[in-house]
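mind looking at a prediction? Sequence and model below.
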Amino acid sequence: MLLQHLKHKAIDKKRWDEKINASTGHLPYGQSWFLDIVSPGWEAIISENYDYIMPLPVKRKFRIGYLVQPLYTQQLGIFSSQSISSEIITLFLSKINYRSYQFNLNENNFYENAVAYPNLVLKLNNNYETIFKNFTKNTQRNIEKALKKNNHVEELTSTDECLLFLSKSEDFLPFKPSELINIIIKKGLELNKIRILGVRNLSGELIATSCFLVTKLRLVYLYPVSNEEGKKDSAMFALIDYVIRKFENTNTLLDFEGSRIDGVARFYKGFGAINQPYYMVKKYRPDFLTGKF
């Protein structure tokens, strides 16, 4: 297999996106609009006809180039509609011409020399009643509790209300210094690549929101936030229940993006989600590149 390293300007983004959208798993992180935001100037390694493609999230420090996983980007690695063997992964990694890298391969890039990280996903290819039976008793009780509150789940068409809600949340404080989330949400909504759901109380006030990165067969659960009322009313249970009802009997995969945090993972597993891991690879991460002087 012949591979070519392309600088950013040489990438045919139209062709690139066609291949990403046709790739196994329908992961959104490799789409050019998303990469342009989280990793400006990203480069790529491609095979003939773009049949196998791998984005390179390049950063530079002291004019030294290195690869690092971009913020808010769970999985990258090699994308293809064809099978991706360990030999192909090894070949792609050998073609990286940067001495230092640490980034995540995707769920279709099993590589025994990598570190596996959990990602919990739920197939929605059954009717709601069948999916509901696989919920834990605690999740079923919380959904029933949430529905009794008569709070309303709806799709938000403006980013402003969502971003204001996120900015006021104490749970979201670690993300406040970054404008990156704002840019992702605004651009994603503009391109119809993101959907925003909100839960309103009887007074019409938002008490919970979440965004979803949308591809043909995948919904990626992003930036979920509930205020105190939302937590008390189990509003996020109602929001996820709404999504499952809306996409029942489809080939859609609800992707919860993790988690390695026990309490968060327990919430996802409560809906019957199963682990579909992704893989981290790294090579030579000197302290002067990571900032650990």
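That came through fine.

hang on, residue 35 is in a strand, isn't it?
No - under DSSP: H, G, I helix; E, B strand; the rest coil, residue 35 sits outside any strand and is assigned helix.

give me the neighbour count for it.
Number of residues near residue 35 (other Cβ atoms under 10 Å) recorded here: 25. Just so you know, the C-beta spots here come from the backbone N, C-alpha and C atoms, and that holds for glycine as well.

find the residue closest to it in space, skipping its chain neighbours.
residue 42 (4.8 Å; Cβ to Cβ, 6 or more residues apart in numbering).

mind listing the helices for the stretch 101-250 of the chain?
128-133, 137-148, 159-168, 180-190, 228-232, 235-246 (DSSP state H, counting those that start in this stretch).

among those helices, which is nearest residue 199?
Closest approach to residue 199 among the helices of the stretch 101-250 of the chain (Cβ to Cβ): helix 235-246, 4.2 Å.

got the buried residues for the closest one?
Under the neighbour-count criterion of 16 or more other Cβ atoms under 10 Å, helix 235-246 has 235-244 buried.

the very next helix or strand once past that helix: partners in the sheet, and parallel or antiparallel?
Using DSSP states H and E, the next helix or strand after helix 235-246 towards the C-terminus is strand 253-255. When pairing is defined by DSSP bridges, strand 253-255 lines up against strand 120-123 (antiparallel), strand 218-226 (parallel).

weakest of those by average pLDDT?
Confidence, taken as mean pLDDT, is least for strand 218-226 of the strands paired with strand 253-255 (a mean of 93).

okay, angle between that strand and helix 159-168 too, please.
With axes from the mean of the first three to the mean of the last three Cα atoms, to 10 degrees applied, the angle from strand 218-226 to helix 159-168 works out at 50 degrees.

how distant is strand 218-226 from the center of its chain?
On the basis of Cα atoms, centre = their mean, to the nearest Å, strand 218-226 sits 8 Å off its chain's mean C-alpha point.

done for today, thanks.
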